[in-house]
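> Got a predicted structure here, sequence first:
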Amino acid sequence: MAGAGAAGFPREVLVEELQCIADVGLWDALRRLKLDVLGTDDSPIPITGYYAPRLFRKLPSFFNLRPESLVPRSHNSIRDRNKCPIAGTLMNTNNMRGFQNLDREQLLKAEVKKILDDIMSGEVEEEPALLLRFVVISFADLKNWKVYYNAAFPSLVFNSKITLLSLQPASKVLTKEEVMFLCTSLLQWIDISAVVPFFLVSITSDSSASVRQLRDWKACKGNYQKLLFGFYDHGCRSDRPGMAIINYIAFLSIRWKIEKVQFFCYREVRGRPDLEQSLIGEASFPPPYGWDDPDYVPDAIGWEGVEPGKGTEEMKPKEIDLQSSNPAIQDEEKQLMHLKLMGWRHFPVDLEKLSRVRVLLLGAGTLGCEVARLLMTWGVRKLTVVDSGSVATPDLVKQSLYIDKDRGVPRVSAIIPHLKERCPAVEVEGIQMEIPVPGHPVSPSKMASVLDECKHLQTLVAANDAVFLLTDTWESRWLPTLLCASENKIAITAVLGCDSYLVMRHGAGPRTCGGTDEVPAQIESLSTEDALSHQRLGCCFCNDAAFLFNSNPNRTLPGLTSVVSGKAVELFARMLHHPDEIHAPGDIAGVETEHQLGLLPHELRGSLPNCVLSMELGISSGNCTACSIAVLSEYRRRGLDFVMQAINYPTYLKDLTGISDLKRPDTCPKMLTSISVNSDKISDVRCLLLGAGTLGCDVARILMDCGVRKLTVVDSGRVVVSNLARQSLYTSDDRGAPKATAIIRHLVERCPSVDAQGFQMEIPMPGHPVSPNEAAGVLQDCKRLKELVASHDAIFLLTDTRESRWLPTLLCTDENKIAITAALGYDSYLVMRHGAGPGIIGEASNVTAVEDKLSTKDALGRQRLGCYFCNDVVAPVDSVSNRTLDQQCTVTRPGLASIASGCAADLFTRMLRHPSGIHAPGEIAGASSGHPLGLLPHQMRGSLSQYNLLTLLGYSSSNCTACSNVVLSEYRRRGMDFVMQVINEPTYLEDLTGLTDLMKSAAYSEVEWVDETDEEDVVEI
């Protein structure tokens, strides 16, 4: 060994830092683990890293994190000296703010405390790799497919210092014989021993060498000429050992009281010991003070990239981009992310089952387009569409998928590319054919073609798992209903009236009594129960006790289709997730269910003008013309001969089922006569849509169907893959485009006469303070929004977050503009119209007088209805940054947006046609309304889990943070200075409106307040 003073010795030990390389596969595995298993759980995760001696002479080895690092060590079979497994801890936060707020210094101290405890307890002697314990902190940004992380290799820092006394290449310290024996022993030991990064090297007087486990130290002590404490050294420098030596020497000093250590820095080249560049040195380390105190926590260093003694404030995370080289697979995962997020708090969606289910859609019109798109949003990937028509000009604003260039094209041909534009993974087949119907006799010349169509439909029903009956006429549902009952297939019917609807699932087919395989015996032994011995639920014809007739649909209210499509698809998804599926009994209102998706009704009947939704339960009728035992028996006995007779002989089904003398009850949804519409008023109204996402797309399209021709859309986002199936207007060509630009193009494609413009801008929000550099831009956005509100007649608040609705609400109240809010929760929705602004008491000659004389009533002397914020007991604040991804993103049941959009557009048109307009009083369900359009509620709240619809009435609150007189007065007095103060000071609104004092009073009185912050606060993914 070199003596003191040689080559600058003694000196404080300097070490070569360890650097981490994380395989992209690890982060992809973490992404999947977070999305599919962990959900909101941000507990520390055990992780395995891989440490190795230096392998190449000019390059240090890296600490590796691999895809298998997340596999429990007991299942990890890697036993390779170049992949020495090291136990570590991964802390993955739920959001970027959580990642940024982690106390990195405390995390490091916690880890070195664990290392010290393992040293003191003797655990290190049995598992030396514990000295290399590491920690990784990360944030997996699932939405943007990125991961941010930092790694740390904690080293203990005591009040005493390690002094390096000597350091030389091993080949210069050892004799040639010792080098030869040591190389041989190292190779033998590595081949037969467990992979450990710390070990003993003993050399006898005859130059023979052996490598031993650390736990053999006592047996080796004093028996050998040389005893070296070896470790895998990742470094390549000749003047300093690798960082692993710090904790190693601390262990030797604290546990074994060795103050002067001879160490061996083991390095390799091409898989063999490299004793020319392996180092042997000597270091001293006096025992530190106070280490044996149980509460003692040493200082720590070790964050990668942070110099010792420097703070972690400026530490930058590493960023990993997980954008795949296989975009098709990744796009599909993005499309399904919202369904996986449902499982974090609500319901684990069976994606595999949904992707396998084969669905037949009979009808590619208004209902067919919406249902097909919503099924894709639910994860259905196998669709067959049947329709006989072609796209016509009136279809473009009514049928959500078609555009101008599709005019004259068969719907089944046009619908396929539009579905694949939104979801490339979907498999779609289009079949153009008429569905044969009873009561429509065919001529002999057409008999063969009609029979072929019957056979084709028979084959299609047999080949699919579920059938949606979305055709225009009642009688066109007869043959599919018969075939579904015979084949025991899921069947969902959706029927539109003028302003009412029916959505129902058909019951299962009958079971066969006994075990006979003979067809005649099976026919005679059909039971009135299904295969699970449940009483069979009825089909859409079971209450239709008279002969089928030829009918034509009347015009429906524009929003009705969206409402019905959403409910039909949700009924199907709920049915598919029931353990009994088609055999599930029908639930009715008030029934308790433990299933996370809620009730599974048999029939849903609703009316837009009456604001009612009812669940009904009907049993299969013995006289049913489609699913009764008599009809099914005859069909199974005679096959399509029976069907052709039903088509050609109008009285045949009536006679067969025994209902010749019964009168037909009016059970179909009523087809009311169309209500006269002032088209000029509708076309002239100027609508401002704030938000161009899931709600914005649907509302804009429905408004055009209502006759609105002047639309302005505001949105700050861009179209991403996950939007395509959920947001009805966008296609894959729009990826990366601003939504405010893309939506205008699609609106014009459907209605060239529409006057539409888009603005890409952020809506300034309270609780989101801005920096001085941002203030001018935010102020400009405030002014622009004020101008937009002032220049429009009606504003739809369809934004993603609660706080983004505050400024538009304030501006609408101040300008006395119609404001409609639609907001989504996981399985519930809110649609409401805001009340009018306040009237003025007496006459006022200037602004100050006006501010002092704001009335609690509107301009017509009526009590003002409340706004979206009137029931709040806290001011709107940042609702996104510190939330988990499922809280930030649009985790809603896919059909919900269609339902809420339809209700919002319908509420607007009714309000517009009311003689009092914005001043119209709020009505609730059950109240009589003399208006031909029915009730005009203030608020509608609906639930898909309970299938209820509530109409609520609330008045403007004097403590409201958006529409109260105190807020309006302050805004009118100070203008945008007031708005900027609200944005920058989160508690200002609460102090101004008296909510702060109210909450203090409540706390003093021990009143428990429930913050009814709507779950309808979402962000697009």
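In hand now; what should we look at? Numbering: from 1, shown residues only.
> so Ile115 is in which element?
Per DSSP states H and E: Ile115 is located in helix 104-121.
> and that helix, how far from the chain's centre?
37 Å (CA atoms, centre = their mean, to the nearest Å).
> Just the element for Arg637, please.
Residue-wise, Arg637 maps onto helix 629-638 under DSSP H and E.
> Buried ones in that helix, by neighbour count?
Ile629, Ala630, Val631, Leu632, Ser633, Glu634, Tyr635 (16 or more other CB atoms under 10 Å). All C-beta spots, glycine's among them, are computed from the backbone N, C-alpha and C.
> what helices or strands is whichever helix or strand comes after it leaning on?
Later in the chain than helix 629-638, the nearest helix or strand by DSSP H and E is helix 640-648. Applying 3 or more CB pairs under 8 Å, 6 or more residues apart in numbering; DSSP states H and E, we find helix 640-648 packed against helix 447-463, helix 478-487, helix 629-638, helix 652-657.
> Check these for me and report the most buried one.
Across the helices and strands packed on helix 640-648, averaging neighbours per residue (mean count of other CB atoms under 10 Å) puts helix 478-487 on top, at a mean of 24.
> Dump the C-alpha coordinates for it into CSV.
The C-alpha trace of helix 478-487 is given here as CSV (Å, rounded to 0.1, in the frame of the first residue of the first chain):
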residue,chain,number,x,y,z
TRP,A,478,-91.6,-7.3,-36.0
LEU,A,479,-89.4,-9.7,-37.8
PRO,A,480,-86.2,-8.8,-35.9
THR,A,481,-88.2,-9.1,-32.6
LEU,A,482,-89.4,-12.6,-33.6
LEU,A,483,-85.9,-13.7,-34.7
CYS,A,484,-84.3,-12.3,-31.5
ALA,A,485,-86.8,-14.1,-29.3
SER,A,486,-86.3,-17.4,-31.2
GLU,A,487,-82.4,-17.1,-31.1
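> Strand partners (parallel or antiparallel) of the very next helix or strand once past that helix?
Where DSSP H and E defines the elements, the next helix or strand beyond helix 478-487 is strand 490-496. Its sheet considered, strand 490-496 pairs with strand 466-469 (parallel), strand 500-505 (antiparallel) by DSSP bridges.
> And those, which one averages the lowest pLDDT?
Note on the strands paired with strand 490-496: lowest mean pLDDT is at strand 500-505, with a mean of 94.
> that older thread, out of the helices and strands packed on helix 640-648, which is closest to Met615?
Nearest of these to Met615, taken as CB to CB: helix 478-487 at 20.7 Å.
> What is the closest one packed up against?
If you count contacts as 3+ CB pairs under 8 Å, 6+ apart, helix 478-487 packs onto helix 447-463, strand 466-469, strand 490-496, helix 629-638, helix 640-648.
> Export the ones you listed as JSON lines, with columns for distance to Phe796.
Below are the helices and strands packed on helix 478-487 laid out as JSON lines (distance: least, CB to CB, whole Å):
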{"stretch": "helix 447-463", "distance to Phe796": "40"}
{"stretch": "strand 466-469", "distance to Phe796": "30"}
{"stretch": "strand 490-496", "distance to Phe796": "24"}
{"stretch": "helix 629-638", "distance to Phe796": "48"}
{"stretch": "helix 640-648", "distance to Phe796": "48"}
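> right, so of those, which gets closest to Ser155?
Among the helices and strands packed on helix 478-487, the nearest to Ser155 by CB to CB is strand 466-469 (61.6 Å).
> how far away is Ala140 from Ser449?
In this structure, Ala140 and Ser449 are 58 Å apart, going by CB to CB, to the nearest Å.
> Can you classify Ile795 as helix, strand or coil?
Three-state call for Ile795 (DSSP: H, G, I helix; E, B strand; the rest coil): strand.
> surely it meets Ala822?
No - when contacts are counted by CB atoms under 8 Å, Ile795 is not listed as touching Ala822 (11.9 Å).
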